[in-house]
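> output the structure for:
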Amino acid sequence: MARYVAGLTQAHRLPGRPTCIPVSRPRNGSKRYGLSYEKSVATRTNGQHGIWFSFVDANGLGYCQPDVLLGLDGQVVILECKLTEVDEARKQLGYLYLPVVARALGKPTRGIVVVRHLTRESDPSNVCTSLGEALKRATSEYFPTLHWIGRGPI
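Predicted coordinates:
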């Protein structure tokens, strides 16, 4: 189960991976493919990948690593990348990444869920086919889905 912030009091960008977090080495399967997809999104958007944050909330000290950060017009856009669209992505954005990153960087934040595969449950009115379209629709409370299959323009 993912950790969500409650009563956030502090948040800071870290210079690297916290020493208490083990380095994972996905060798095959969906974890490896998911990481490759994240890196492709970061490359195509000129975003920052692999940025770590520490935070303190009612549950104590925590760490998080949003998938991709974009700096645009004094704001931060967080791209949460998933191979298949799942509700958990929106929860991570709204209850963890956006509050922590906004507090740590002191800038307004908004989020976009980037997926390779849609599902039958995907809401067509929520799906965008370009980053530009998703950026126009994204807010700090509404996270559109950007459908990008991993090649071509994003």
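
> use CA for all of it now, contacts and neighbours both
Fine.

> now for the worst-scoring helix or strand of the chain on mean pLDDT, which elements pack on it?
Averaged element by element with mean pLDDT, DSSP states H and E, the chain has its least confident helix or strand at helix 29-45 (a mean of 91). Counting contacts by 3 or more C-alpha pairs under 8 Å, 6 or more residues apart in numbering; DSSP states H and E, helix 29-45 is packed against strand 48-49, strand 68-72, strand 75-84.

> any idea which helix or strand carries Gln92?
The secondary structure element spanning Gln92 is helix 87-92 (assigned by DSSP states H and E).

> just name the most buried of the helices and strands packed on helix 29-45.
Burial of the helices and strands packed on helix 29-45 is given as mean neighbour count (mean count of other C-alpha atoms under 10 Å); strand 75-84 ranks first at a mean of 22.

> show me what it is packed against.
Using 3+ C-alpha pairs under 8 Å, 6+ apart as the contact definition, the elements that strand 75-84 packs against are helix 29-45, strand 68-72, helix 87-92, strand 109-117.

> can you lay out those as TSV showing distance to Thr145?
Conversion of the helices and strands packed on strand 75-84 to TSV gives the following (distance: least, C-alpha to C-alpha, whole Å):
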stretch	distance to Thr145
helix 29-45	14
strand 68-72	15
helix 87-92	9
strand 109-117	5
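
> hmm, back to that, how about the least confident helix or strand of the chain as PDB, C-alpha atoms only?
The C-alpha atoms that make up helix 29-45 are tabulated as PDB, following Å, rounded to 0.1, in the frame of the first residue of the first chain:
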ATOM      1  CA  GLY A  29       9.200  -8.200 -16.800                       C
ATOM      2  CA  SER A  30       6.900  -5.300 -16.300                       C
ATOM      3  CA  LYS A  31       9.000  -3.400 -13.700                       C
ATOM      4  CA  ARG A  32      11.900  -3.200 -16.200                       C
ATOM      5  CA  TYR A  33       9.600  -2.200 -19.000                       C
ATOM      6  CA  GLY A  34       7.800   0.400 -16.800                       C
ATOM      7  CA  LEU A  35      11.100   2.000 -15.800                       C
ATOM      8  CA  SER A  36      12.100   2.100 -19.500                       C
ATOM      9  CA  TYR A  37       8.800   3.800 -20.300                       C
ATOM     10  CA  GLU A  38       9.300   6.400 -17.600                       C
ATOM     11  CA  LYS A  39      12.800   7.200 -19.000                       C
ATOM     12  CA  SER A  40      11.400   7.500 -22.500                       C
ATOM     13  CA  VAL A  41       8.700  10.000 -21.200                       C
ATOM     14  CA  ALA A  42      11.400  12.000 -19.400                       C
ATOM     15  CA  THR A  43      13.600  12.100 -22.500                       C
ATOM     16  CA  ARG A  44      10.800  13.100 -24.900                       C
ATOM     17  CA  THR A  45       9.600  15.900 -22.600                       C
END
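
> cheers, nothing more for now.
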